[in-house]
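Q: Sequence plus the predicted model coming up.
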Amino acid sequence: MAESIYLLLSTVLIRYIDELTKNEQEAIEQLKVMRVFDLGAIANFYLTTNAEYKKTKTYIRMLDYLRLLILEYLINLG
């Protein structure tokens with residue numbers, strides 16, 4: 001289960017990073033509205049697994065933080 005979550009979240013971020021080469025402003029807008037916890041499966045997993053999967057939960061938070069860093073970089077770049 002953890003591997004599929006890693007793959008899902010990584011794929012979503014990679015897709016948005018790929019958009020940077022196509023349309024920077026569109027990528028900025030998408031990154032602004034994208035929220036990791038808007039994905040029902042991710043939110044459910046995060047909230048229903050107590051002390052289990054600590055590393056996976058840390059990975060989820062780090063991916064969301066990476067999204068914010070990329071967003072800040074793009075905004076400051078423009």
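A: That came in fine, so what should we check first?
Q: any low-confidence regions in this structure?
A: Scanning the chain for pLDDT under 70 picks out the ranges 1-2, 5-6, 16, 19-21, 78.
Q: tell me the contacts of the residue nearest to residue 66 when sequence neighbours are not counted?
A: Leaving aside its sequence neighbours, residue 66 sits nearest to residue 13 (Cβ to Cβ, 6 or more residues apart in numbering; 6.5 Å). Yep, even glycine has a C-beta here, placed from its N, CA and C like the rest. Contacts for residue 13 (Cβ atoms under 8 Å, 6 or more residues apart in numbering) come out as 63, 66, 67, 70.
Q: make it 10 Å
A: By Cβ atoms under 10 Å, 6 or more residues apart in numbering, residue 13 lies in contact with 31, 34, 36, 63, 64, 66, 67, 70.
Q: Same check on residue 4?
A: Listed by Cβ under 10 Å, 6+ apart, the contact partners of residue 4 are 41, 45.
Q: What helix or strand is it located in?
A: Using DSSP states H and E, residue 4 maps to helix 2-20.
Q: how about stretch 32-51 as PDB, C-alpha atoms only?
A: Output of stretch 32-51 as PDB, limited to C-alpha atoms (Å, rounded to 0.1, in the frame of the first residue of the first chain):
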ATOM      1  CA  LYS A  32      -1.700  26.800  -6.000                       C
ATOM      2  CA  VAL A  33      -4.900  24.800  -6.000                       C
ATOM      3  CA  MET A  34      -3.300  21.300  -5.700                       C
ATOM      4  CA  ARG A  35      -3.500  19.900  -2.200                       C
ATOM      5  CA  VAL A  36      -2.200  16.500  -1.300                       C
ATOM      6  CA  PHE A  37      -5.000  15.900   1.100                       C
ATOM      7  CA  ASP A  38      -7.700  16.700  -1.500                       C
ATOM      8  CA  LEU A  39      -7.100  13.200  -2.800                       C
ATOM      9  CA  GLY A  40      -9.600  11.100  -0.800                       C
ATOM     10  CA  ALA A  41      -7.400   8.000  -0.600                       C
ATOM     11  CA  ILE A  42      -4.500  10.000   0.700                       C
ATOM     12  CA  ALA A  43      -6.500  11.800   3.300                       C
ATOM     13  CA  ASN A  44      -8.200   8.600   4.400                       C
ATOM     14  CA  PHE A  45      -4.900   6.800   4.700                       C
ATOM     15  CA  TYR A  46      -3.300   9.600   6.600                       C
ATOM     16  CA  LEU A  47      -6.100  10.000   9.100                       C
ATOM     17  CA  THR A  48      -6.900   6.400   9.700                       C
ATOM     18  CA  THR A  49      -3.400   5.000  10.300                       C
ATOM     19  CA  ASN A  50      -2.300   6.000  13.700                       C
ATOM     20  CA  ALA A  51       1.300   5.200  14.500                       C
END
